[in-house]
Each structure stands twice: as structure tokens, then as C-alpha cells.
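Asker: what shape does this take:
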Amino acid sequence: AASFPAAAVRMLPLPVSSRVVRRTLRAVRPPYAGDRSQVDAVLAAVEGEPADIGGGLRVVREGASLTVYEVAADAAAIGPIAFPTPGTVTFDRHRITAVSAPCRSVRVRGRQAAYIDVELANTLVVRTAAAGERIDIGDGRKLVSDALNEEGIPPRLRTTWPLVVAHGKIVWIVGVRVAAWARPQPAASRVLELTTERTACSTT
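Answerer: Now for the predicted structure:
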């Protein structure tokens, strides 16, 4: 995917804004810089309506930016994947790693790490969310779609966003939220540490 400020479309002369669009298209799928109809479709998207512009490409307004990206493969085509623990899996553009660690070594790493009950080792699967699926948040259950929206995950990424699941229940919306039921027990001496990073390319 590649983005540029939507203001560039409104404020720049047409020949210049067209060159911005062509550079964006080339960044998404080098060395192809798009044809006239694709450039026009991207320029029109500044008003906020997403559009398929041909060639497997789509343009969408995301805040102050326009983003051009390749339409994601069907989510079912990239999952579910068994998650060996300890071990690493790559799911779409996410690389997720699991290691067993003593509780005393646990470090806070923001949302790029999660700590779960070590008893869940060797039961984990990575997949996408089903429609209407919810995660346990302790005092209730929250829609996965709502959790992703609250975290600012763009709609174009949500259909292929990974979940770590055990026994059919969500353990971790990767990089977003850990399920209350999966957290380590207070007296646990070890935890299962899950970490994530984005990769440059999709595996699909």
C-alpha cells in the first residue's frame, strides 16, 4: 500500500497531482504507473468514496490521506494456521512469535506483546475473525470489529487481521487486546509471551 495527503489533490495543479498519483501507483506495483482512468479514479476518491480502480487495486480515503492498495486475498485463503509454541508463524503481513518466559522476566512492551497462561502452549491457532465474533474483556464481551476500530486499524486491514485462538476462543487480537480468560494465573511462575511485528510483504 502507498498513501499521499488528500490535500495534494485539492491544492496542486492537475498535472502535478496526476504525477503524485502515478508515483503512488508505481510504489504499490512497480514499475506500473497506472493508466488515465486509474489516475482519474484516484483523484475522484478525495471526496471519500472508496473505489476499485482495476488491476486488483483499490483506493480509499483514510483520514487526511488517500491510500492505494492491492485488494486482499480472501481471508479464508490465509488461515487458520497452527501456531507452534515456542515458535513463530507468519500470517499475511504479521510475524507472531511465542516463547515461554519466567514471570520475573516479563517486561511491558505496549500492544506489541501479550502475556498469556502458559498452559495454552501447543493449543494455539492463528486465523481471522468470523462475522460478529467477540473477545472476552472480563466484564463482558466486545466485538472484534469494534476493538479494531478503537485501535484505529483501517477497514482495509480488518478482514485479514490475525487472531490467536485456543480451544475455539480468542486469546489475542494481535497487537490490540488480550482476552481476560487467557491471562496468566496470579500464582504462575511462567507465562507464554507473544510478540508481533509487521513484515514488508504479504504471504498470500
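Asker: sec struct for the residue nearest the centre of the chain, please.
Answerer: For the chain, W161 is the residue whose C-alpha lies nearest the centre (CA atoms, centre = their mean; 4.2 Å). At W161 the chain is in coil, as set by DSSP: H, G, I helix; E, B strand; the rest coil.
Asker: contacts only, for it.
Answerer: Taking CB atoms under 8 Å, 6 or more residues apart in numbering, we find W161 in contact with 128-129, 148, 153, 173-174. Any C-beta I mention is one placed from the backbone N, CA and C, and that applies to glycine too.
Asker: of those residues, which is the nearest to A27?
Answerer: Closest approach to A27 among the contacts of W161 (CB to CB): I153, at 21.4 Å.
Asker: count the neighbours of A129 for me.
Answerer: 23 (other CB atoms under 10 Å).
Asker: wait, is it part of a strand?
Answerer: No: counting by three-state DSSP, one finds A129 to be coil, located in no strand.
Asker: wait, isn't it in contact with V165?
Answerer: No: taking CB atoms under 8 Å as the definition, A129 is not a contact partner of V165, at 9.5 Å.
Asker: can you tell me how far the residue nearest to the centre of the chain sits from L120?
Answerer: Using CB to CB, to the nearest Å, W161 is found at 20 Å from L120.
Asker: and V42, how far from D35?
Answerer: For V42 relative to D35 (CB to CB), the value is 11 Å.
Asker: who has more neighbours, these two?
Answerer: More crowded of V42 and D35, by other CB under 10 Å: V42, with 26 against 14.
Asker: about what we covered before: can you check the pLDDT for the residue nearest to the centre of the chain?
Answerer: W161 is assigned a predicted lDDT (pLDDT) of 94.
Asker: ramachandran angles for it?
Answerer: Dihedral pair for W161: phi -70, psi 130, per degrees, to the nearest 10.
Asker: residue ranges in the protein under the pLDDT threshold?
Answerer: 72-77, 105-110, 200-204 (pLDDT under 70).
Asker: for this protein, which helix is longest?
Answerer: helix 14-28 (DSSP state H).
Asker: check contacts around the closest residue in space to E193 that isn't next to it in sequence.
Answerer: Among residues not flanking E193 along the chain, A101 sits closest, at 4.7 Å (CB to CB, 6 or more residues apart in numbering). Listed by CB under 8 Å, 6+ apart, the contact set of A101 reads 190-193.
Asker: for these, which one is nearest V21?
Answerer: E193 (43.1 Å).
Asker: now the helices for this protein?
Answerer: 7-11, 14-28, 36-44, 144-150, 155-158.
Asker: for I53, which of those helices is the nearest?
Answerer: Closest among the helices of the chain, once you apply CB to CB, is helix 36-44, at 4.2 Å.
Asker: which other helices and strands contact the closest one?
Answerer: helix 14-28, strand 51-54, strand 57-62 (3 or more CB pairs under 8 Å, 6 or more residues apart in numbering; DSSP states H and E).
Asker: looking at the ones you listed, which is buried most?
Answerer: Across the helices and strands packed on helix 36-44, averaging neighbours per residue (mean count of other CB atoms under 10 Å) puts strand 57-62 on top, at a mean of 19.
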